[in-house]
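**Q** just to be clear, the model below is a prediction. Sequence and coordinates:
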Amino acid sequence: MHEPRPAATAALAWLTHPVTCVALVLLIVNDHVLKAMWGTWWTGKLSDAAWLVVGPPLLATIMVGAGSFVGARRPSARSCTRVSLAVVGAVFVVVKSTAVGAALASAVLTALAGPSVVLGDLADLLMLPALALAWVVARATWTGVRPEPGPRMRSTARWLVVLPVAVLATTATSQVPPTGTMQVAVVGDVLTVGDSSGPRSPGVNWYRSADGSSWDHVFSWLDEAKKVADGFARAGGTVQSVCVPASPQQCFRVAEHGLGVDRSEDGGRTWRADWSVPDEVLAELADRYEPKGAQLRTMGVAIMPSPDGFRVYAANGGDGLAVRDEHGTWQRLGFSYRTGGQPVVPLPGEPTRMAYPLPWSVILGVAAALATLALSARRSGHRRRSGHRRRSDSVLGGRIVALCAAVASGLAALANNAWGAIDGQQFASDSFLGALLAVAIVGALTLLAAVLVIASADLLRGGRAAWLIVVTGVDVALVVELVPRLELAAVVAVAVLGAGVAAQRLMPPAPQPYG
């Protein structure tokens, strides 16, 4: 006999319903395969329809889970369904019909999964009827037969798989191709830079500056972007060669290949290299960029007069912007004009900083906790045989758990290192779900290692010792994160670790069970 389901059960049943799972698979395949092969209008509409089917049950599951966590009154399955459908529909309408909504959605996806873009398009609102399909599926999950223990376990395993995949799929969609500084010109007295995935790409983000340091950003989907593009074209657009207005004998042009600018002092009759990146260095530089495929080639040059003379700007594609100052010194600026600023990727041989999915201080803190446990372990005698047997089982279990913690911590360190990237680049850009997948995997392995360390310490030494080990690990993590000098951080971290081990050895052993 069918009976009403609790909101949590109904939400999970909705999320793991075959129709929702098919839409989830379609969303993943479309965004990461079909768009790359045939990216056109129908792949965009297909993505929107699939998201409208997957989004509501995912939101309902998150809402019910958050409500249970904070102890809020549990809503009915019917009201939870209505709220989630209304919220997803409203968000979709705002994102697709307003420039502000599209910009906010792009910013959120970029923060979660790397460079992403959401374009506003009123035609996408034609996909709203997909919410009706989600409503029909939800109604079918409001009631059901109380499951037996076996089916319940299968259901639990099913949503444990579907839930994280749904979260990753809905937040790691529509990544844009590698973008670069493809266009540059001085329009009036304003330096104008076009940032896109190609010289003829229709989606150009424009950046304008009157002094070369502070920038005004015009998003590609704004009406103002078309006005900027028209003014850019009327000013002559990106050019391969240009001469200084006040000194026509001094001219600059794009090098024949690679990254470089040539200079002429006789009005363009003869040329010599003024700045360039050697071919062998250029090949190594290309390997430093994430994702791969950046167009490392000078696209055009522009000259901007200044009170002290003039500056020459070069649009270098995937390497960003470069400038020659009034004294003739060239400097690679990278994408410093973008909102928030993006560090220039160092050339091979220059000082390099790395970015990782998880700060190394966190992983080293877990490793320090594990080392504290290992170095402070000691044997203790027992009076009764039954108590000794029970204690031996506990010690064996604790050692096995500690071994598992060491394996998880080692895997986290290896994955974190493998997905590292030059500071300013997106780590794990070549993986299926990009940066989000890297953070999820490394974070999950680190969390698993931390939980196992605490469990092992509790089995081996007792609860008080476990919390002391946690404190030691946290202290080491803070030292590594806050002390700037590597040598000093290492010395202080070792001292903290030693203090933790000493405190563990001075702590009396936990009472042992007797028969």
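**A** Thanks, I have it.

**Q** which parts of stretch 338-358 are buried?
**A** Neighbour-count burial for stretch 338-358, counted by 16 or more other Cβ atoms under 10 Å, picks out 338, 342, 344, 345, 346, 347, 355, 356, 357, 358. Quick note: C-beta positions are derived from backbone N, CA and C, even for glycine.

**Q** my read: the last one touches residue 447, true?
**A** No. Using Cβ atoms under 8 Å, residue 358 is not in contact with residue 447; the gap is 10.1 Å.

**Q** give the buried residues for the helix of greatest length in the chain.
**A** Longest helix in the chain by number of residues (criterion: DSSP state H): helix 385-418. Within helix 385-418, the residues scored as buried using 16+ other Cβ under 10 Å are 388, 390-391, 394, 398, 401-402, 404-406, 408-409, 411-413, 415-416.

**Q** same question for stretch 124-139.
**A** Applying 16+ other Cβ under 10 Å to stretch 124-139 flags 124, 127, 130, 131, 134, 137, 138 as buried.

**Q** from these, which one has the minimum pLDDT?
**A** Among these, residue 124 carries the weakest pLDDT, at 78.

**Q** where does pLDDT dip in the stretch 401-515 of the chain?
**A** Where the stretch 401-515 of the chain drops to pLDDT under 70, the residues are 424, 428-434, 508-515.

**Q** how about the strands in it?
**A** 421-422 (DSSP state E, counting those that start in this stretch).

**Q** show me where it has helices.
**A** 435-460, 463-482, 486-506 (DSSP state H, counting those that start in this stretch).

**Q** and those as CSV, adding distance to residue 311 and mean neighbour count?
**A** CSV is the format used below for the helices of the stretch 401-515 of the chain (distance: least, Cβ to Cβ, whole Å; neighbours: other Cβ atoms under 10 Å):
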stretch, distance to residue 311, mean neighbour count
helix 435-460, 35, 21
helix 463-482, 39, 19
helix 486-506, 38, 15
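
**Q** among those helices, which is nearest residue 53?
**A** Nearest to residue 53 among the helices of the stretch 401-515 of the chain is helix 435-460; the distance by Cβ to Cβ comes to 21.1 Å.

**Q** output the contacting helices and strands for that closest one.
**A** Helices and strands touching helix 435-460, by 3 or more Cβ pairs under 8 Å, 6 or more residues apart in numbering; DSSP states H and E, are helix 99-113, helix 149-171, helix 360-376, helix 385-418, helix 463-482.

**Q** just the angle for it relative to helix 463-482, thanks.
**A** Orientation of helix 435-460 against helix 463-482 (axes from the mean of the first three to the mean of the last three Cα atoms, to 10 degrees) gives an angle of 150 degrees.

**Q** ok now helix 435-460, how far from the chain's centre?
**A** 20 Å (Cα atoms, centre = their mean, to the nearest Å).

**Q** angle of it against helix 385-418?
**A** 160 degrees.

**Q** give me every residue that touches residue 319.
**A** 180, 181, 259, 285, 294, 296, 332, 334, 345 (Cβ atoms under 8 Å, 6 or more residues apart in numbering).

**Q** and residue 127, how far from residue 52?
**A** 6 Å (Cβ to Cβ, to the nearest Å).

**Q** check residue 179 too.
**A** Taken as Cβ to Cβ, the span from residue 179 to residue 52 is 28 Å.

**Q** and the next element down the chain from the helix or strand bottoming out on mean pLDDT in the chain?
**A** Within the chain, no helix or strand scores below helix 149-171, which has a mean of 49 by mean pLDDT, DSSP states H and E. Using DSSP states H and E, the helix or strand that follows helix 149-171 in sequence is strand 180-187.

**Q** same for that next one, what does it pack against?
**A** Strand 180-187 packs on strand 190-196, helix 223-234, strand 300-306, strand 309-315, going by 3+ Cβ pairs under 8 Å, 6+ apart.

**Q** which of the helices of the stretch 401-515 of the chain sits closest to residue 246?
**A** Among the helices of the stretch 401-515 of the chain, helix 435-460 comes nearest to residue 246, with 47.0 Å by Cβ to Cβ.

**Q** just the angle for the closest one relative to helix 486-506, thanks.
**A** On the basis of the same axes, to 10 degrees, helix 435-460 is oriented at 30 degrees to helix 486-506.

**Q** what angle separates helix 435-460 from helix 360-376?
**A** Taking the same axes, to 10 degrees, one finds helix 435-460 and helix 360-376 inclined to each other by 20 degrees.

**Q** give me phi/psi at the closest residue to residue 135 other than its chain neighbours?
**A** Using Cβ to Cβ, 6 or more residues apart in numbering and skipping residues adjacent in sequence, the residue nearest residue 135 is residue 85, 6.1 Å away. With angles defined as degrees, to the nearest 10, residue 85 sits at phi -60, psi -40.

**Q** give me every residue that touches residue 85.
**A** 56, 131, 134, 135, 138.

**Q** just these: which are in helices?
**A** 56, 131, 134, 135, 138.

**Q** ok, the closest residue to the last one other than its chain neighbours - contacts?
**A** Spatial nearest neighbour of residue 138, chain neighbours left out: residue 81 (4.3 Å); criterion: Cβ to Cβ, 6+ apart. Residues in contact with residue 81, defined by Cβ under 8 Å, 6+ apart, are 10, 14, 56, 60, 135, 138, 139, 142.

**Q** farthest pair in those residues?
**A** So, the contacts of residue 81 by Cβ to Cβ: farthest apart are 56 and 142, at 13.9 Å.

**Q** neighbour-wise, which of the two wins?
**A** residue 56 (30 against 19; other Cβ atoms under 10 Å).

**Q** that one reaches residue 86, doesn't it?
**A** No. Counting by Cβ under 8 Å, residue 56 does not reach residue 86; the two are 9.1 Å apart.

**Q** where do the strands sit along the stretch 201-350 of the chain?
**A** Under DSSP E, counting those that start in this stretch, the stretch 201-350 of the chain gives strands at 205-209, 216-218, 241-244, 247-254, 260-264, 272-276, 300-306, 309-315, 321-324, 330-334.

**Q** sheet partners, orientation included, of the fifth one?
**A** Same thing as strand 260-264. Paired strands of strand 260-264, with direction, are strand 247-254 (antiparallel), strand 272-276 (antiparallel) (DSSP bridges).

**Q** identify the bridge partners of residue 252.
**A** residue 242, residue 263.

**Q** I'd say it and residue 304 touch.
**A** No. Assessed by Cβ under 8 Å, residue 252 is found out of contact with residue 304, at 11.9 Å.

**Q** which residues does residue 208 contact?
**A** By Cβ under 8 Å, 6+ apart, the neighbours of residue 208 are 187, 190, 191, 192, 193, 215, 216, 218, 228.

**Q** do that again at 7 Å, thanks
**A** Residues in contact with residue 208 (Cβ atoms under 7 Å, 6 or more residues apart in numbering) are 190, 191, 192, 215, 216.

**Q** from the chain's centroid, how far away is the one helix or strand the residue nearest to residue 138 maps to?
**A** For residue 81, the host element (DSSP H and E) is helix 77-97. Mean-position distance between helix 77-97 and its chain equals 26 Å (Cα atoms, centre = their mean).

**Q** next, the buried residues of that helix.
**A** Neighbour-count burial for helix 77-97 [16+ other Cβ under 10 Å]: 77, 80, 81, 82, 84, 85, 88, 89, 92, 95, 96.
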